[in-house]
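Trainee: Here is a sequence with its predicted model. Questions after.
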Amino acid sequence: MEQSVYVSGYSSGPYRVPGVGGAVPVSAAPPVSASVAPQGSKLATYMNRGGPTQPQTFHDLNNKMNNLGLDHSMKMMNRPPNPGANFSGPLNTSPFQRQPAAGFPTGASAAGRMSPNLRGLGNGSLPTPPPLRAPNTANTPTSEPADAQAAANAAQVSVFSENGTTYFYNPDESLSSQLSTGVISGGSILLPNWSAYSGTPSQIVAMKVRSTAPSAIQENEVKMELLTRQMICHTAADPEAYPDLPSEVDNFTGLCPLEPPAASPLHKSSTFGYVTTVYKAVNIKTGQHMCLRRIHGYRLVNTKCMGLVDQWKKMAHSNLVTLRQVFTSKSFGDHSMVFVYDFYPGSETLMARHFSNPSQLAASLLDPFNGDGSRPYTQTKNNLLRQQAAALSNTGLLPESLIWNYIIQLTSALRYIHGAGLACRTLDPTKILILGKNRLLVNCGGIFDVLTYDPNSSNPMAAMAVYQQEDLVSLGRIVLALSCNSFIAIQRENLQQSMELVTSNYSTDLRNLIMYLLTNPQRVKSVNDLMPMIGARFYTALDTCIQRTDTLEMELQRDIESARMFRLLTKLGTVVDRTELNMDTAWAETGDRYMLKLFRDYMFHQVMEDGRPFLDMAHVITNLNRLDAGIPDKVCLMSRDEQNVLVVSYSELKNCLEQSYGEVLSAATAKPKHQGLS
């Protein structure tokens, strides 16, 4: 059966329904009069308000085309509107609303851009409004038939004709709130009240092609890094591999080891001198993921050290892992001391990042005589240098910019710690974390203050100055090892050759910094003395941080738009195909809900000509954005039996969604009619 649908703004001819095979014949606007208007329609209501009207006749298309001269078009475009006159066109394609403001004459521009105020009513006599541009049609003004204008005046309605279509509208009607998609600021700026992703900022696009751009801005790298961190947070320990792991320790549960088990259960940490284990756990009270560092077999005999622990708890710095809690526990079957720190999933130690190659460590060569017999010192030294040269040829040297970036972060953390009157004492490559590309975190602060606390000392803080000097020496060793890309370089007998390597490959400032930290132990050093050596490199590091911030803000903008679309889909899913509402089982199939159901099918259930599903994410996102903005563009919806075709605007669909969701929300928040029996 052939169907015919009238779509205002389109000339006669076949109209192809999106997503549906075949075409629907579209008829042009038929001659309309008060006597032939459909009963109950808005047009009949308008026509019945006035007295008897004369039948309206229309010029044919040829006459209209003959009248489209340049002079006539200019007259139509320059026709001054009556001051105070208002009109509301059915096909206003502008998503903004502009109020009349000083400096902007109401008739100085084309309709849809600088249109008059759409609110209120001027005087009783309304002139013919300037021509409105219908979708998919040329913006060509045409003359209105005189008899149609006379009939409209008699019926007290306004009329506008274009391309064979006559529009009747009541000047008393105000624009729908869903079409008012903009507000005015200062009378000259259009501000939409809808939101949409504006695309990748230009500075991010330019950053990707710059040679100085950090390597942390690759496409989707931030997203993958965050997903990896979330995955690490949700990991769990294998009960078969760790049968003795307690299910709960103090206020923490879900313990999961973060380091591979030691070769021997009695293997002691080279830093603390005790057997240690690191766990990930969840705080039962807050639900936060924390890092627990357990000291095996340690019994706390004096609680005076908790004063230093309280000072460490107050420390908060971007390059310092904050200590949150210290407690003793017997949950592991012994007396254990547990230090609770902030958890940074996905981080790795400085040792694992830069010194994981066995040739860089040369553990068997740390002893001058490695068990192969008594060898002369010079022979062992030559072997060490050959090992170091082989390591450099395989891995190469680190960029100086990366080394200075590490220096800036480490000195920043030490300056903060020393300024608080404390000492780090754990400035070791195995206790420095790297998060992401090159963010450093000084870890395990406060552990030595508890393990080595002397209760017999009259002034425990007196030794802090000595510990601070040791921190600076440890910093020099780390910088030297990074510069030579090998731990063999920090041995005392290799110091001269290592400095020659630094001198020949790096700047004088880096060499002076290492010499300042590792020489003249009698001189009292300060971390503030390193600032002149860092110099303007600090600004380079600051620029890298700002670029990183821009990248994260761009990802946040995308996330904001995803949340907006999710809320819109939630509203749509709450309304469409609802079983019943307020005991009305047909609620979802009637009224506005039926229109929303067809729109849901238009977005998600379209098929191609051969019956295959039509899957296009861009189609879904575009229509959701249009629905959220409530633009006046039209969309053709067809029922599943292909017997009903509706042509509606996105603004009407948005109004339907808001009203329908409001009904569901009102029913959900209403008080129950029948209270429970007491």
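Mentor: Ah, there it is. Residues are numbered from 1 along each chain as shown.

Trainee: And residue 430, how far from residue 481?
Mentor: From residue 430 over to residue 481 the distance is 12 Å, taken as CB to CB, to the nearest Å. Bear in mind the C-beta positions are built from the backbone N, C-alpha and C, glycine included.

Trainee: ditto for residue 500
Mentor: Residue 500 is 15 Å from residue 481, by CB to CB.

Trainee: ranges for the strands of the stretch 401-550 of the chain?
Mentor: Using DSSP state E, counting those that start in this stretch, the strands found in the stretch 401-550 of the chain span residues 432-435, 439-442.

Trainee: Mind listing what's buried along the last one?
Mentor: This points to strand 439-442. For strand 439-442, burial by neighbour count (16 or more other CB atoms under 10 Å) applies to 439, 440, 441, 442.

Trainee: Can you tell me what sits against that strand?
Mentor: Strand 439-442 is contacted from outside by 319-321, 344, 347, 350, 406, 409-410, 413-414, 417, 424, 426-427, 431-435, using CB atoms under 8 Å, 6 or more residues apart in numbering.

Trainee: so where's the stretch 251-400 of the chain uncertain?
Mentor: By pLDDT under 70, the low-scoring segments of the stretch 251-400 of the chain are 358-395.

Trainee: re earlier: quick one, which of residue 430 and residue 481 is more surrounded?
Mentor: With neighbours defined as other CB atoms under 10 Å, residue 430 and residue 481 compare such that residue 481 has more, 21 against 16.

Trainee: if I read this right, the more buried one contacts residue 494, doesn't it?
Mentor: No: at 10.9 Å, residue 481 does not count as touching residue 494 under the criterion of CB atoms under 8 Å.

Trainee: for the stretch 401-550 of the chain, what spans make up the helices?
Mentor: In the stretch 401-550 of the chain, the helices defined using DSSP state H, counting those that start in this stretch lie at 447-451, 464-484, 495-505, 508-518, 531-534, 537-575.

Trainee: Save those as JSON lines, and put in distance to residue 242 and mean pLDDT too.
Mentor: Output for those, formatted as JSON lines (distance: least, CB to CB, whole Å; pLDDT from 0 to 100):
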{"stretch": "helix 447-451", "distance to residue 242": "23", "mean pLDDT": "94"}
{"stretch": "helix 464-484", "distance to residue 242": "33", "mean pLDDT": "95"}
{"stretch": "helix 495-505", "distance to residue 242": "42", "mean pLDDT": "92"}
{"stretch": "helix 508-518", "distance to residue 242": "42", "mean pLDDT": "95"}
{"stretch": "helix 531-534", "distance to residue 242": "45", "mean pLDDT": "93"}
{"stretch": "helix 537-575", "distance to residue 242": "36", "mean pLDDT": "89"}
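
Trainee: nearest to residue 301, of those helices?
Mentor: Across the helices of the stretch 401-550 of the chain, residue 301 has its closest neighbour in helix 447-451 (11.1 Å, CB to CB).

Trainee: quick one: contacts of the closest one?
Mentor: By CB under 8 Å, 6+ apart, helix 447-451 touches 272-274, 293, 295, 298, 300, 305, 308-309, 312, 326, 337, 339, 422, 425-426.

Trainee: Distance of residue 475 relative to residue 272?
Mentor: Using CB to CB, residue 475 is found at 19 Å from residue 272.

Trainee: Residue 666 too?
Mentor: Distance, residue 666 to residue 272, using CB to CB: 63 Å.

Trainee: Looking at these two, which is more packed in?
Mentor: Taking other CB under 10 Å, residue 666 and residue 272 do not tie; residue 272 has more neighbours (18 against 11).

Trainee: Can you read off the backbone torsions of that one?
Mentor: Dihedral pair for residue 272: phi -100, psi -20, per degrees, to the nearest 10.

Trainee: and what of the one 5 residues further on?
Mentor: Backbone torsions for residue 277, taken as degrees, to the nearest 10, come to phi -140, psi 140.

Trainee: so it touches residue 257, yeah?
Mentor: Yes: under the contact definition of CB under 8 Å, residue 277 touches residue 257, with a separation of 6.5 Å.

Trainee: Those two: who's more crowded?
Mentor: Of the pair residue 277 and residue 257, residue 277 is the one with more neighbours under other CB under 10 Å, namely 20 against 16.

Trainee: Would you mind naming the residues that bridge with the more buried one?
Mentor: Taking DSSP bridges as the rule, residue 277 bridges to residue 294.

Trainee: Show the contacting residues for it.
Mentor: 257, 259, 293, 294, 296.

Trainee: Now do the contacts for the closest residue to the last one other than its chain neighbours.
Mentor: Nearest residue to residue 296, sequence neighbours excluded (CB to CB, 6 or more residues apart in numbering): residue 275, at 3.9 Å. Shown in contact with residue 275 (CB under 8 Å, 6+ apart): 262, 265, 266, 267, 268, 269, 295, 296, 297.

Trainee: same question, residue 420
Mentor: If you count contacts by CB under 8 Å, 6+ apart, residue 420 has them with 311, 314, 315.

Trainee: What confidence value was assigned to it?
Mentor: If you check residue 420, the pLDDT there is 96.

Trainee: what about stretch 639-649, start to end distance?
Mentor: Terminal residues of stretch 639-649 lie 17 Å apart, using CA to CA, to the nearest Å.

Trainee: quick one on the thing from earlier: give me the phi and psi angles of the residue nearest to residue 296.
Mentor: Backbone torsions of residue 275, given as degrees, to the nearest 10, read phi -70, psi 130.

Trainee: Check the gap between it and residue 610 for me.
Mentor: 69 Å.

Trainee: and what of residue 588?
Mentor: Distance of residue 588 to residue 610, given as CB to CB: 31 Å.

Trainee: The two: which has the busier surroundings?
Mentor: residue 588 (19 against 6).

Trainee: From what I see, that one and residue 572 are in contact.
Mentor: No: Residue 588 is not in contact with residue 572 according to CB under 8 Å; the separation is 11.9 Å.

Trainee: residue contacts, residue 278?
Mentor: Taking CB under 8 Å, 6+ apart as the criterion, residue 278 is in contact with 257, 258, 259, 291, 292, 293, 294.

Trainee: Pick the one among those residues closest to residue 488.
Mentor: Of all those, residue 259 has the smallest distance to residue 488: 24.6 Å, by CB to CB.

Trainee: where's the closest one, which helix or strand?
Mentor: Assigned by DSSP states H and E, residue 259 belongs to no helix or strand.

Trainee: Now for it: which residues touch it?
Mentor: When contacts are counted by CB under 8 Å, 6+ apart, residue 259 touches 277, 278.

Trainee: And for the one 4 residues further on?
Mentor: Applying CB under 8 Å, 6+ apart, we find residue 263 in contact with no residue.

Trainee: Return the distance of it relative to residue 355.
Mentor: Separation of residue 263 from residue 355 (CB to CB) stands at 19 Å.

Trainee: what's around residue 243, how many residues?
Mentor: The burial count for residue 243: 7, using other CB under 10 Å.

Trainee: mind checking the SS state of it?
Mentor: Secondary structure, DSSP: H, G, I helix; E, B strand; the rest coil: residue 243 is coil.

Trainee: What values do phi and psi take at it?
Mentor: When read as degrees, to the nearest 10, the backbone of residue 243 gives phi -70, psi -20.

Trainee: on that earlier part again, compare the contacts of residue 275 and tell me which has the most neighbours.
Mentor: residue 295 (22 neighbours).

Trainee: And for the closest residue to it other than its chain neighbours, the neighbour number?
Mentor: Excluding its sequence neighbours, the residue lying closest to residue 295 (CB to CB, 6+ apart) is residue 337, at 4.2 Å. Neighbours of residue 337 under the rule other CB under 10 Å: 21.

Trainee: I'd guess residue 337 is in a strand, am I close?
Mentor: Yes: membership of residue 337 in a strand is supported by three-state DSSP.

Trainee: From residue 398, how far off is it?
Mentor: For residue 337, the distance to residue 398 (CB to CB) stands at 36 Å.

Trainee: any chance of the strands of the stretch 401-550 of the chain in TSV, plus distance to residue 635 and mean pLDDT?
Mentor: Below are the strands of the stretch 401-550 of the chain laid out as TSV (distance: least, CB to CB, whole Å; pLDDT from 0 to 100):
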stretch	distance to residue 635	mean pLDDT
strand 432-435	48	96
strand 439-442	48	96
